[in-house]
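Colleague: heads up, no residue letters with this:
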């Protein structure tokens, strides 16, 4: 099946107010160009070096989203062009993004990653950690980051009820943080949850942004 057909198929299940992030990591430029020719403009990468190379060689109206686990020493390379960093999973990372963004006087959009899965391998804040950080005033001094919402990954499981429950947890936390800390902040509006296997469930539970790779590009060769 072609990338174009895959996108048409997926688009039928995504409401117009939900953003599609085409997860292009490990895929060649040609695959991205095919999705681009279908009108897609948001692409997600998880390796800094790979994303920088693609940014240099592909159309400049692409909105690049970083969706991987970001190391502090790599932030400076993507800050000039990244549209959204999905996986901010520590306060230390937030500080470093702000530091690098300050150098070029740019405000960088970020999502706070929440650990909602029942797997130890997933990264992210707990609810208590987020409330603890946001209750203080330190983060408000970070003038070159914009917190745009939350991101989470459900457990890799066949159990649909469990996955739905984890997505509900993220939506509940988003609503709580919105009312407690971001009530007048129009930028705090995104819930990035849902991937190829579970994006329909995620949309049902309030996702505003789904990250889909293998259902568009096929399974990657790592």
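Modeller: Now that the structure is in, tell me what you want to look at. All figures in this text were calculated on a predicted structure; none of them were measured in a lab.
Colleague: Please make it C-alpha for all contacts and neighbour counts, starting now.
Modeller: Will do.
Colleague: Residue 212 against residue 25, yeah?
Modeller: No - with contact taken as Cα atoms under 8 Å, residue 212 and residue 25 are classed as non-touching, separated by 10.6 Å.
Colleague: Now residue 118, what are its backbone angles?
Modeller: phi -90, psi 20 (degrees, to the nearest 10).
Colleague: Verify the stated contact: it with residue 155.
Modeller: Yes - counting by Cα under 8 Å, residue 118 touches residue 155, with 5.9 Å between them.
Colleague: The two: who's more crowded?
Modeller: residue 155 (20 against 14; other Cα atoms under 10 Å).
Colleague: need the contact list for residue 134.
Modeller: Shown here is residue 134, whose contacts under the criterion Cα atoms under 8 Å, 6 or more residues apart in numbering are residue 181.
Colleague: That one: what secondary structure?
Modeller: Look at residue 134: counting by DSSP: H, G, I helix; E, B strand; the rest coil, its state is helix.
Colleague: so which helix or strand takes in the residue most central in space within the chain?
Modeller: Centroid-nearest residue in the chain: residue 86, 3.1 Å away (criterion: Cα atoms, centre = their mean). Per DSSP states H and E, residue 86 falls inside strand 84-88.
Colleague: Distance from the chain centre to the helix or strand just after that strand, please.
Modeller: Tracing the chain past strand 84-88, the next element assigned as helix or strand by DSSP H and E is helix 91-103. Here helix 91-103 is found 18 Å from its chain centre; the criterion is Cα atoms, centre = their mean, to the nearest Å.
Colleague: now helix 91-103 and strand 84-88, what's the angle there?
Modeller: Here helix 91-103 points in a direction 150 degrees away from that of strand 84-88 (axes from the mean of the first three to the mean of the last three Cα atoms, to 10 degrees).
Colleague: Show me which residues of helix 91-103 are buried.
Modeller: Of all the residues in helix 91-103, those buried under the rule 16 or more other Cα atoms under 10 Å are 93, 94, 95, 96, 97, 98, 99, 100, 101, 102.
Colleague: which other helices and strands contact the following helix or strand past that helix?
Modeller: Under the assignment DSSP H and E, the closest C-terminal helix or strand after helix 91-103 is strand 108-114. Contacts of strand 108-114 with other secondary structure elements, assessed using 3 or more Cα pairs under 8 Å, 6 or more residues apart in numbering; DSSP states H and E, are made with strand 84-88, helix 91-103, strand 145-152.
Colleague: Tabulate these in TSV, adding columns for mean pLDDT and distance to residue 127.
Modeller: Output for the helices and strands packed on strand 108-114, formatted as TSV (pLDDT from 0 to 100; distance: least, Cα to Cα, whole Å):
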stretch	mean pLDDT	distance to residue 127
strand 84-88	96	14
helix 91-103	97	14
strand 145-152	98	11
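Colleague: Please produce JSON lines containing the ones you listed, extended by distance to residue 163.
Modeller: Putting those into JSON lines (distance: least, Cα to Cα, whole Å) gives the following:
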{"stretch": "strand 84-88", "distance to residue 163": "19"}
{"stretch": "helix 91-103", "distance to residue 163": "27"}
{"stretch": "strand 145-152", "distance to residue 163": "11"}
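Colleague: Much appreciated, bye for now.
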